[in-house]
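Asks: build me a model:
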Amino acid sequence: MKASQFVAVLLALSGLLAFTANADDPQPGKSISAVCASCHGVDGNSTNAAWPSLAGQHSSYIYKQLNDFKQGRREDAVMAGMVANLSDQDMQDLAAYYESHQAKAVAFDGELVGLGENIYRGGITETSVAACMGCHSPSGKGNGPAGWPSLKGQHPEYIYTQLNNFKKGLRTNDNGKMMRNVASRMSEMEMRAVAAYIAGIP
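Replies: Coordinates of the predicted model:
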């Protein structure tokens with residue numbers, strides 16, 4: 001083997017080892033999550049409907065949101081403080097930890113589920129609202145590689161609040177204004193109905 005080839009192999013191996021060492025790891029994330037537990041639950045299942053459950057969420061989406069809070073692309077005074085001292089690797093490990101858990105069932109308004117299912121699966125033709133399942137999947141589990149979050153089992157109050165924030169322009173870290181455009185065409189009842197259905201997707 002030529003010296004140049006040997007050096008190339010060594011460089012490739014060192015790069016592989018570095019990648020392995022920095023891979024998302026739920027175990028370091030567990031220790032970091034201790035400060036998150038009071039709002040998001042020990043295992044990522046929040047017991048307060050005002051705060052999102054993170055259990056089972058795609059790590060890619062959690063990482064993006066943490067990074068957006070850190071960079072100011074998503075505004076929240078509490079979360080900005082929480083992520084201020086997190087390194088990039090900390091955020092990846094934390095995201096991996098929450099993705100490794102299972103989301104638990106949450107309470108929802110059964111009377112709104114029928115309307116919510118119609119919107120989630122078929123959209124609203126009159127106001128050109130696309131079906132939610134187009135991005136978030138029929139099962140509500142989203143699409144991690146595409147950046148679409150899992151919504152299944154999320155608190156309906158939290159889902160409604162986020163839709164309303166998108167509608168009012170208070171939240172702006174969606175891709176290409178996609179969520180802002182959708183929510184702007186929805187009534188309060190429609191948003192609450194979709195939120196109820198999402199919480200109880202079978």
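Asks: remind me which residues of this structure are low pLDDT?
Replies: 1-24 (pLDDT under 70).
Asks: change it to 90
Replies: Applying pLDDT under 90 to the chain flags the ranges 1-27, 153, 202.
Asks: start to end distance for stretch 49-69?
Replies: Start-to-end span of stretch 49-69 (CA to CA, to the nearest Å) is 20 Å.
Asks: stretch 27-41 now?
Replies: Terminal-residue distance, stretch 27-41 (CA to CA): 17 Å.
Asks: ok now it, how far from the chain's centre?
Replies: Chain-centre distance of stretch 27-41: 16 Å, with CA atoms, centre = their mean, to the nearest Å.
Asks: please point out which parts of that stretch sit buried.
Replies: Pro28, Gly29, Lys30, Ile32, Ser33, Cys36, Cys39, His40, Gly41 (16 or more other CB atoms under 10 Å). To be clear about C-beta, it is placed using only N, CA and C from the backbone, and glycine gets the same treatment.
Asks: run a quick neighbour tally on the nearest residue to the last one once chain neighbours are set aside.
Replies: Nearest non-adjacent residue to Gly41, counting by CB to CB, 6 or more residues apart in numbering: Thr47, 6.0 Å away. Thr47 sits with 13 neighbouring residues when counted by other CB atoms under 10 Å.
Asks: please tell me how far Thr47 sits from Thr161.
Replies: Using CB to CB, to the nearest Å, we find Thr47 at a distance of 17 Å from Thr161.
Asks: give me the contacts around the helix or strand hosting Tyr63.
Replies: Per DSSP states H and E: Tyr63 is located in helix 59-71. Residues external to helix 59-71 that are found in contact with it (CB atoms under 8 Å, 6 or more residues apart in numbering): 24, 54, 73-74, 76, 79-80, 82-84, 86, 88, 91-92, 94-96, 98-99, 142, 144-145, 147-150, 173.
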